[in-house]
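In: Output the structure for:
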Amino acid sequence: MQRVLITGGTGLVGQRLSELLTENNYEVAHLSRNPTKGKYETFYWNVKKNEIDKEAIKNSDVVIHLAGASVVGKRWTKKWKREIYDSRINSTRLLVDSIRNHNSRLNYFISASAIGFYGWDTGDQPVDEGTEKGEGFLADVVADWENEVSKLDEFGVKNAKARIGIVLSDNGAALVEMMRPIKMGFGAALGSGKQYMSWIHVDDLCQLFIHLLKNEETGIFNAVAPEPTTNRDFTEQLAKKLKKPLFLPNVPSLALRLMLGEMQVMLTGGNKVSSKKIEQTGFNFQYPSLHSALKNLVK
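Out: Purely as a prediction, here's the structure:
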């Protein structure tokens, strides 16, 4: 039985991934700043103090790295942008250094990454893993984040990076936030409404991680569903599923900028991201269309 060590194991994706890994006969352990007894064995780490329990690394065959400060739900002040950057780069550096120094048995590492690598807004032009890095804060973060993971190549640890899109779940995050104004009768498309949203159902994302692990795929893979959609279409489909009308005009980009600051680019920009590379490895999506995802998640 392979032992999989997860960072960010108590988060939305980490919780579901832990469940599915256990169902697939993997032994699961977590890293946490506050280890407590629970369903999964949990080891101590503290990225800000550059500390980690060596036993966690010594006894693991695989690491899945999901931890990182949220890029949504909080204004991007200078301090918070530093937190977003450091939480990803420093945590990855701590893991890589620990693996180098304390584990000769670990043979595979999967890191979360983000489609923010492609920049704020690439319009209706499809992008794939070969597309060059875009402009902007998040693109810079992702590039440095992935470079830290690539250091594993220096001592022979296979690794994969999953550039994740908008994760849809009925247990919080983006979908719940989008549903709230629609349920109250204030739903509306954002900005032009033409910006693309590349999304993925949380179960498909977790199964994608497991697929990478079972096949030890290496390199960069977009973790998005095969059918990206525009913000306007997403909003309309969600309103239809909730049986609520949409009658308000689009929320202007300027208003979003005033409310959210720099973070508004994540709502008014977008990317039409291709999933072909992961599909070519034999991965099949359970929820390839927005209709199928919403049918499962919105009751």
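In: pLDDT at the residue sitting nearest the centre point of the chain, what is it?
Out: Centroid-nearest residue in the chain, with Cα atoms, centre = their mean: Ile164, separated by 4.1 Å. With respect to pLDDT, Ile164 has a value of 98.
In: May I have the beta-bridge partners of it?
Out: Here Ile164 shows beta-bridge partners Ala114, Ala223, assigned using DSSP bridges.
In: List the residues that contact it.
Out: Counting by Cβ atoms under 8 Å, 6 or more residues apart in numbering, Ile164 touches 112-115, 200, 205, 223-224. The C-beta positions use only the backbone N, C-alpha and C, and glycine is treated the same way.
In: Repeat the analysis, applying 7 Å as the threshold.
Out: Contacts for Ile164 (Cβ atoms under 7 Å, 6 or more residues apart in numbering) come out as 112-115, 200, 205, 223.
In: out of everything not next to it in sequence, what's closest to Gln264?
Out: Take Gln264 and drop its neighbours on the chain: the residue closest to it by Cβ to Cβ, 6 or more residues apart in numbering is Leu256, 4.1 Å away.
In: ok so that neighbour is a helix residue?
Out: Yes: using DSSP: H, G, I helix; E, B strand; the rest coil, the assignment for Leu256 is a helix.
In: surely it meets Met263?
Out: No: applying Cβ atoms under 7 Å as the test, Leu256 and Met263 come out as separate, 8.9 Å apart.
In: now the closest residue to Arg3 other than its chain neighbours: how far from Asp121?
Out: Among residues not flanking Arg3 along the chain, Glu27 sits closest, at 4.5 Å (Cβ to Cβ, 6+ apart). Distance, Glu27 to Asp121, using Cβ to Cβ, to the nearest Å: 42 Å.
In: Could you do Glu177 as well?
Out: In terms of Cβ to Cβ, Glu177 sits 20 Å off from Asp121.
In: These two - which one has more neighbours?
Out: More neighbours surround Asp121 than the other of Glu177 and Asp121, with 18 against 11 (other Cβ atoms under 10 Å).
In: I'd guessed that one sits against Gly270; true?
Out: Yes: if you go by Cβ under 7 Å, Asp121 and Gly270 touch, sitting 6.0 Å apart.
In: what is in contact with those two at once?
Out: Common neighbours of Asp121 and Gly270 (Cβ under 7 Å, 6+ apart) are Gln195.
In: Poorly predicted segments of this structure, please.
Out: Filtered on pLDDT under 70, the chain yields no residues whatsoever.
In: Show me the strands in it, by range?
Out: 3-7, 27-32, 41-46, 51-52, 62-65, 108-114, 126-127, 158-164, 166-168, 196-197, 199-201, 219-223, 229-230, 272-273 (DSSP state E).
In: quick one: the fifth one to chain centroid distance?
Out: Counting by Cα atoms, centre = their mean, to the nearest Å, strand 62-65 is centred 14 Å from the centre of its parent chain.
In: what helices or strands is that strand leaning on?
Out: strand 3-7, helix 78-102, strand 108-114 (3 or more Cβ pairs under 7 Å, 6 or more residues apart in numbering; DSSP states H and E).
In: Partner strands of it and their direction?
Out: Assessed with DSSP bridges, strand 62-65 is paired to strand 3-7 (parallel), strand 108-114 (parallel).
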